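Peer 1: kindly return the folded structure for what I paste below:
(chains A, B and C, ligands or ions: 8)
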Amino acid sequence: MIEAIRTQARNLLENKEVDVIIGYAEGSDSTRTTPVFIRKPEEVSRLIFDPRCINSLPLYLNKRHEYPQKGWKRTGIIAKGCDIRAITQLIAENQLTREEVYIIGVPCDGVVSHFSKWDGRLHDGNQATKCAECDVHTPTDCDFFPGERPEVDRSAPYKVSAPQVLNLMGLNTDKRFDYWRQEFDRCFKCYACREVCPHCSCNICITDRTQPNWVDQAAHTKGVFAWHITRAMHLVGRCTGCGECTRACPMDIQVDLFNQRLKDVVQESFGYKSGYSQDEKPPLITYKTDDSEDFIQ
Amino acid sequence: MKTATLQKSDIGKCLDLLIQSQKRVIAPQLRPRLDSPDAIDVLMLTPLENGDNHQVGQGILPLNGVKEFLFVKHEPILAFENKDNKVHIKEVHHKYPETIIFGVRPCDAASIASQNAVFSSDNAGYNDQFFTKRLENTTIVTYSCTTGDQSCFCTSVGLEPDSDRGSDLHLTELPDNTLHVEIKTPAGERVANILAPLLQGEGDQAARDTAGKEAHKNVSRIRNSHLIKAWLDDQSNFDDEMWERLGEKCIGCGACTFMCPTCHCFDIVDETRGSKGYRIKFWDSCQFDHFTLHSSGHNPRDKQYKRYRNRFTCKFKIYQDKFNAQGCVGCGRCIRDCPVNLDITEYMKEVDLKASLPNALRQDPDFE
Amino acid sequence: MNIYQPHLMTINKVIQETPDIKTFHLVFQDEEMRDNFRFKAGQFAEYSAFGHGESTFCIASSPTRMDHIECCFRSVGKNTAGLFGLSEGDTVGFRGPYGNVFPLDKFKGKDLIFIAGGIALPPLRSVIWNVLDKAEDFGHISIVYGARTVEDLVYKREIEEWEQMPNVTVVKTVDPGGETPEWKGHVGFVPHILENEFAPNPDNTIALICGPPIMIKFTFEALDRLGFKQDQLITTLENRMKCGLGKCGRCNIGSTYVCLDGPVFWAEELAKLPKEY
Ligand SMILES: Cc1cc2nc3c(=O)[nH]c(=O)nc-3n(C[C@H](O)[C@H](O)[C@H](O)COP(=O)(O)OP(=O)(O)OC[C@H]3O[C@@H](n4cnc5c(N)ncnc54)[C@H](O)[C@@H]3O)c2cc1C
Ligand code: SF4
Ligand code: SF4
Ligand code: SF4
Ligand code: SF4
Ligand code: SF4
Ligand code: SF4
Ligand code: FES
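Peer 2: Ligands and ions are numbered 1, 2, ... in the order given. Model prediction:
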């Protein structure tokens, strides 16, 4: 599989069909892989794909990460099924046009939840939660796919949230609050959960705005809760469930549990599944970040 | 120097004795988690109520270093109130309880001197009393490492897994399940006095040294760091192609700086509730795009790779030049926690290579 | 008293310089501070509108006139907007003075050219009055000052005062399009007017430059073409700051902390720094 991808990548670069290929390469130790930007045909041998390839690379197509300044006319990207959902969502939100990207889809049986859990193979004990519910092992929309791409019926609703979301939902409000207070006690507002999210695309995040100051900047209880509620609300119907926010959190807080729960709410209330259609707008897209309703605060 | 021996199984009792002596005792502990494949064990230095569930000597490094107990994540530095159209200010008085941090790893202990070099009056005569008063009331009980993980590289920056720098009382595990105890300072002596009922005779210095040497072998990630400073001093390298090539994947999340035990940067804001408010000092990061942004829109570090260049330079040059202290203690946190596997030791390796190459080769554009 | 704690000052007078720039005259509320406070030209301080934060401004008044402290600022963000809303009689916080100074000793007996753009005149104004109050120590004084439009010029009444002084030459300019029918000064960017209209002689002269980074760059180049040497050019930088004390880590250019080692730099010192300002 990887040879077919490398050959295609080389052809694309040689024929100048793309300026760059964003993919995965070996990381700094055997348990890790790293995002890589391949610009020269002779570098394609660095490209790899296996269950350690956790990162959601469409992050680099997000305008916040200096993507437009790079001057790439067309960007090749290695994408798992769930990454393609992220790209689809970016297109649906007019953050990207389909023509800007050349998607090299990869078949994916699942990835490891965190590099520290990699023991040479993927198993139930180290597979990311999202993979257990995945219906895009074979990707949806792509420009190249190594091998045959079978038709998959994806009309079924999302499965309900991961078990731990349901466990939390089963607790009474006080207990649930205690749980989050205990978790958020560790949050120091580094915003890795924001920076790593393919869909946090605001040029200046509402939490960084000072006039007016919507969210207390310091990482005390109020500032932290305000941040996480804001983050969750702003991603309603947009989060494609990549789990990157949880993986990136250096304090190991499972922040995507909020997003998983809201995914269910959106599906129940609006019948909307994010990342499956370039044309269908998220139900809350008309939502304004400067909305003055007090539920934001 | 005075030494003693302690049974490893008595650590819990040690913690209890210290707690009973009315000290705030902080030690590594596992935080309860939800049962989920995405959840990772969370080892944290935590204020203890008793010595039961400590993880002293377990795991590699707690997520949080000692930093957050000295240079705390956020704290008020001033209180103000608007009363009858007049502003009144009040100095804030924090409590600085006598604290013992037990089971600190050598890299974290070494980082305290770096923080102190910034916050104490050694830096331009300005004494940040919030930091220095906490430090005065804190005793550090270090615990030598027996091994490192894939990210540790203390031995590449002049430390050892059994270093006692920054330590008041130093513990080293011996193969026979005892701990070699070294009393390094008067504060360490006071702790040792409290622990006296559990301490036995003299320590076995030879066994301790052997254990240290063994541990040294287990820190596997090795880089040369002695050429880096001179290379960074050469201003022509400021525009080296390496910075953008290695740094372009950085997403500016700031995790590396928040986790780093020597990072000292902070922001100051006012928070008001009605007519009262506090001025608050809280952690900030040079990896954020607005950190250096001028109000005119001009930004001296306008690209992410330049921000990481600043971080690397900070660790291997600025700390030395400006604060006469060590910038990086090799704890590996920034490597473990970078979501895009941007690895500071890759920069070290690359710089070392560049610095040791003859000039002619270095200028060859095809050379990578 | 901790190092972050400000002194309280009362606003004695507010001058609206331009639509978004104001000058404050400030007096310490504490009598002892009033008597003992000292600073030197070039230094800055942290000014706060309580509830809004702190901002870095230079001390715009001269150390030779200690009856009050002046600052002059543009409303651009949270705290500057907060300060902008204050009136005479209100209280502000003040921490300082911080940073290094213009080495006036080294200027003695020399001709001085002050070159500033927009809101950058205040830092030089402190030196200008300091020098004018000791005019016998210095040679001829020239002031080249420009802003985007006539409306954006600060210290209009003082410029008139300087124009009347025998030992002073004032060259005023506004950017093309910024002039009004009554405008009697030049039209053009500061570096251009400096080089082509004013064209000062570099002999025994020091040029003091203050402005946005891009203006500093072009002005240095213009002065270089006029024959000025690096050791005749001195400037003051405005890297973003918070603490002013070398702690918060925000203002550095490589190993140089602008709040401690600056804000005043000779051109030759700047040339040795990485281009991060
Ligand atoms: C040594 C020195 C001397 C100075 N002297 C003077 C002086 O004499 N007079 C003067 O007027 N100024 C001076 N300045 C500049 C002055 O310090 C700043 O303009 C001031 O601190 C801004 O404070 P603020 O709280 O109002 O800005 P903030 O509320 O912090 O807002 C402005 C900043 O917010 C951020 N920001 C938030 N939202 C946005 C957005 N939408 N777009 C862009 N940026 C955004 C940016 O980082 C920007 O820099 C000086 C600076 C220095 C370092
Ligand atoms: S969610 Fe699906 S496509 Fe994405 S990593 Fe898991 S198995 Fe692969
Ligand atoms: S990544 Fe973690 S620590 Fe950082 S802001 Fe998000 S939840 Fe907080
Ligand atoms: S909120 Fe988290 S899970 Fe959802 S898209 Fe963003 S990073 Fe992925
Ligand atoms: S730079 Fe990285 S390895 Fe060095 S002390 Fe900081 S976190 Fe640890
Ligand atoms: S690396 Fe950045 S955040 Fe850390 S101390 Fe240096 S400047 Fe501050
Ligand atoms: S180096 Fe890694 S952890 Fe640090 S800011 Fe960049 S992406 Fe984040
Ligand atoms: S302003 Fe804080 S370090 Fe210079």
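
Peer 1: what residue ranges in chain B score low on pLDDT?
Peer 2: Scanning chain B for pLDDT under 70 picks out B:1, B:35-37, B:358-368.

Peer 1: swap in the stretch 51-200 of chain C?
Peer 2: In the stretch 51-200 of chain C (pLDDT under 70), no residue qualifies.

Peer 1: could you list the residues of it in contact with chain B?
Peer 2: C:51-54, C:74, C:76-77, C:80, C:90-91, C:93 (CB under 8 Å from any CB of the partner chain). Quick note: C-beta positions are derived from backbone N, CA and C, even for glycine.

Peer 1: just those residues: which are in helices?
Peer 2: residue C:80 (DSSP state H).

Peer 1: save the residues of the stretch 51-200 of chain C next to chain B as JSON lines, and put in distance to ligand 3 too.
Peer 2: Below are these laid out as JSON lines (distance: CB to the nearest ligand atom, whole Å):
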{"residue": "C:51", "distance to ligand 3": "26"}
{"residue": "C:52", "distance to ligand 3": "25"}
{"residue": "C:53", "distance to ligand 3": "22"}
{"residue": "C:54", "distance to ligand 3": "25"}
{"residue": "C:74", "distance to ligand 3": "33"}
{"residue": "C:76", "distance to ligand 3": "28"}
{"residue": "C:77", "distance to ligand 3": "24"}
{"residue": "C:80", "distance to ligand 3": "28"}
{"residue": "C:90", "distance to ligand 3": "37"}
{"residue": "C:91", "distance to ligand 3": "36"}
{"residue": "C:93", "distance to ligand 3": "30"}
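
Peer 1: ok, of the residues of the stretch 51-200 of chain C next to chain B, which one's closest to residue A:45?
Peer 2: residue C:77 (49.5 Å; CB to CB).

Peer 1: one step back: show the buried residues in the residues of the stretch 51-200 of chain C next to chain B.
Peer 2: By neighbour count, with 16 or more other CB atoms under 10 Å in any protein chain shown, these hold C:51-54, C:74, C:76, C:80, C:90-91, C:93 as buried.

Peer 1: just the ones of these in strands?
Peer 2: Residues of those located in strands (DSSP state E): C:53-54, C:74, C:91, C:93.

Peer 1: max pairwise distance over those: which two?
Peer 2: C:74 and C:91 (21.2 Å).

Peer 1: spell out which parts of the stretch 251-368 of chain B neighbour ligand 1.
Peer 2: B:290, B:293-295, B:297 (CB under 6 Å from any ligand atom).

Peer 1: now the helices for chain A?
Peer 2: A:2-14, A:81-92, A:129-132, A:163-170, A:173-184, A:192-195, A:221-234, A:244-248, A:256-270.

Peer 1: for the last one, buried residues please.
Peer 2: By neighbour count with 16+ other CB under 10 Å, helix A:256-270 contains the buried residues A:256-264, A:266-267.

Peer 1: closest one of these to ligand 7?
Peer 2: Ligand 7 has its nearest neighbour among these in residue A:256, at 17.9 Å by CB to the nearest ligand atom.

Peer 1: identify the single longest strand in chain C, thanks.
Peer 2: strand C:7-18.

Peer 1: the inter-axis angle of the helix or strand that it is followed by versus strand C:7-18?
Peer 2: For strand C:7-18, the following helix or strand on the C-terminal side (DSSP states H and E) is strand C:21-28. Relative orientation of strand C:21-28 and strand C:7-18, computed by axes from the mean of the first three to the mean of the last three CA atoms, to 10 degrees: 160 degrees.

Peer 1: helices or strands next to strand C:21-28 in the packing?
Peer 2: strand C:7-18, strand C:69-74, helix C:78-84, strand C:91-98 (3 or more CB pairs under 8 Å, 6 or more residues apart in numbering or on different chains; DSSP states H and E).

Peer 1: right, I'll call it a day here.
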